[in-house]
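J.: Let me see the structure of the following:
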Amino acid sequence: MLRSSSMAITFEKGSRSWVRPAAVYVASVAGSVAVFLWVRSAGSSLGSVTDTTGGIAAKGAATRYEALPHVLFALLVIVSVSRFIGSLFRRIHQPAVIGEVVAGIALGPSLLGRVWPDAVGFLFPSEIIPFLGVLAQVGVILFMFLVGLELDTSLLRQGTHRSVAISHASILAPFLLGSTASLWMYSGYAMPGVSFTVFALFFGIALSVTAFPVLARILTDREIQRSRLGVLALTCAAVDDVTAWCLLALLLSVAQAQAERAAITVGLTVLFVATVILLRPLLVRFVRLQEPRGALSQSGVAVIFTALLLSALATEWIGIHALFGAFLLGAVIPHDSLVAAQLRGKLEDTVIVLFLPVYFAFTGLRTHVGLVQGLSQWAVCGLIILLAFIGKFGGSYAAARLTGLDKNTAACVGVLMNTRGLMELIVLNLGLDLGILSPTLFAMFVIMALVTTIATAPILHYLQPSMQDSGRGVYSNL
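T.: The predicted structure is shown next:
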C-alpha cells in the first residue's frame, strides 16, 4: 500500500511538471507577437522610404536570386553531360578531357543550338553567362596552379641537349609556319585594330602549344611514362610548356599595353618572376616545415591560397593574366613534397569534375562552328590543321633524328608533341578576350586543337602496336 501510494504521488508530480514550462513558452510567444504588432503599428505612420539608387539595388538583388537557380541547373547539366561523354571517350582510348571538351562544344550553338535553339536559351540565358564566365576563370586559375604543382622542375634543370633541342624545334617550326601564314590570313581574319605584329605572334604561338597533362595521360594509359620514349616526351613537353607560356606572356604584355608601355609591362613581368624566384627558399622552407606534421593544416592551406591569390592578382595587375601567377606559384612548390600532394588531393577532383567542365561549356558557348562556311573557309581550317601538325611533327622529328634517335622513336615524339587539348583552349580564349581572334578564326583553331589531339593516340598506337592501352594512370581523372 505504501509503495503504490508513493508511485501515485510521483506520477502526479510528473504529470504536472510540464505545465510551468508550457505556460512560460506560450507567454513568451504571445508577448513577442504583441510587441511586434505594436512596432508595426508605430512604424506604419513613418511612410515609405525613397529609393535613391534608381531601382538598381532592388534590381540587383532580384537578378542575383533569379540567376542562382539557373546557374545551379546549368552546372548540373554541364557536369552530367561532361562526365557521360568523357566516359564514352575513355572507351575508345581517348583522354576523358577531350570528351569533356566535345561536350562543352556540343552544349553550345555549334550542335545543340542548331538542333534545338530554344534549349540553349533555356539552359544558358544571357543573365547567367557572366556568372559562368567567372566560375570558368576561377577554375582555369586553379587548374594552372595544379599544372604548376605537377611540373617536375628537375626535368628542366637536368634535361639533356636532346630534350632542349627537340622541345625548342617543336616550338620554332610551328611558330614560323604560323607567323608566315599570317601574311595571308591577316587581311581576311584579323579583328579591326589588331596590329600585324600581334596577330602574327599569336598565330605562331597558337600552333606551338603542347598540353603537358594530356600528353602525360596518354603515356600513362599506355604504361610507357617511365620508358625512354615517355621520359623524353615528358621532358620535351615540360620545356615546351614553360617556353610557350613565356612567349605568350610576352605577347600579352605587348597586346594589352600601349606601344610606349610595352617595355614597362615586360620589365614588370621580369621583376615579378625574379621576386618569386628570390622568395622561393622561404616558400620551400614553409613547405618542408609541414612535413613532420604529416598533414597540411587549415592554416597552412590559408597561407598557400593567400600566396596564390597575391600571385594571380600581381600578374593580372601587370597585364599578363592571373593564370600566369597561379602557374608560377605552383611551379616553385616542390612537386614531390607533402604539401603538393595534399593540395592536389584537396583540389584536383573539384577542379576537374566541376570547374573545368564549366570552362569547356563557356568555351563551347563562344565557339560557332557554323561560322566556318563554304569550301574556302573549310580549306583554310584544313590548312591550319595541316600547318599545326606538320610544324609540331616536323620540327620534333627533325631535331630527334639529328640528335641520334631512330626513325620510329623520332616519329613517336613528333606525334606526342601534337597533343594540345586544354592548354590550347586557354590560349585561344585569351586571344578571343583580347580581340585578336575573330569568332570564325577562333572556331577554326578550336577544331584544330580537337583534331590534332584526338589523332595522337591512334597514330601512336599505329607506330607502337605492341604497347596496348591499359586505361590506368595517375592522370586518369584528366
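
J.: Find the nearest non-adjacent residue to the residue nearest in space to the middle of the chain, please.
T.: Centroid-nearest residue in the chain: Val140, 2.5 Å away (criterion: Cα atoms, centre = their mean). Excluding the flanking residues, the one nearest Val140 by Cβ to Cβ, 6 or more residues apart in numbering is Tyr359, at 5.4 Å. Yep, even glycine has a C-beta here, placed from its N, CA and C like the rest.

J.: what about the one you found, distance to Leu323?
T.: 11 Å (Cβ to Cβ, to the nearest Å).

J.: any shared contact partners between the two?
T.: When contacts are counted by Cβ atoms under 8 Å, 6 or more residues apart in numbering, the set common to Tyr359 and Leu323 consists of Val140.

J.: surely Ala322 meets Leu310?
T.: No - applying Cβ atoms under 8 Å, one finds Ala322 not in contact with Leu310, separated by 10.7 Å.

J.: quick one: secondary structure of Asn418?
T.: With DSSP: H, G, I helix; E, B strand; the rest coil as the basis, Asn418 sits in coil.

J.: what's the burial count for it?
T.: Number of residues near Asn418 (other Cβ atoms under 10 Å) recorded here: 25.

J.: swap in the one 4 residues further on?
T.: Leu422 is surrounded by 28 other residues when neighbours are defined as other Cβ under 10 Å.

J.: Am I right that it sits in a helix?
T.: Yes - per three-state DSSP, Leu422 lies within a helix segment.

J.: who touches the residue nearest to the centre of the chain in this structure?
T.: 323, 355-356, 359, 426.

J.: Grab the nearest non-local neighbour of His161.
T.: Leaving aside its chain neighbours, His161 sits nearest to Thr403 (7.2 Å; criterion: Cβ to Cβ, 6+ apart).

J.: quick one: contacts for the one you found?
T.: Residues in contact with Thr403 (Cβ under 8 Å, 6+ apart) are 161-162, 165-166.

J.: next structured bit after the top helix by length along the chain?
T.: Criterion DSSP state H: the longest helix present in the chain is helix 56-91. Once the chain leaves helix 56-91, the next helix or strand it forms, by DSSP states H and E, is helix 96-106.

J.: quick revisit: tell me which of the contacts of Val140 is nearest to Ala216?
T.: Closest approach to Ala216 among those (Cβ to Cβ): Leu356, at 15.8 Å.

J.: now that closest one: how far from Arg285?
T.: From Leu356 to Arg285 the distance is 32 Å (Cβ to Cβ).

J.: Those two: which is more packed in?
T.: Per other Cβ under 10 Å, whichever of Leu356 and Arg285 has more neighbours is Leu356, with 25 against 9.

J.: what sits against the spatially closest residue to the more buried one that is not a sequence neighbour?
T.: Nearest residue to Leu356, sequence neighbours excluded (Cβ to Cβ, 6+ apart): Gly139, at 5.8 Å. Listed by Cβ under 8 Å, 6+ apart, the contact partners of Gly139 are 351, 354-356, 358-359.

J.: Which PyMOL command selects the buried ones in these?
T.: A single PyMOL command is used to select the members of these judged buried by 16 or more other Cβ atoms under 10 Å:
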select buried, resi 351+355+356+358+359
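
J.: Tell me the one among the contacts of Gly139 nearest to Cys246.
T.: Proximity of those to Cys246 (Cβ to Cβ) peaks at Tyr359, which lies at 22.7 Å.

J.: Tell me which residues touch that closest one, please.
T.: So Tyr359 contacts 104, 136, 139-140, 143, 425 (Cβ under 8 Å, 6+ apart).

J.: cool, and Leu135?
T.: Under the criterion of Cβ under 8 Å, 6+ apart, the neighbours of Leu135 are 355, 358.

J.: mind showing which ranges of the chain have poor pLDDT?
T.: 1-18, 47-65, 155-160, 220-221, 225-226, 256-262, 465-478 (pLDDT under 70).

J.: Much appreciated, bye for now.
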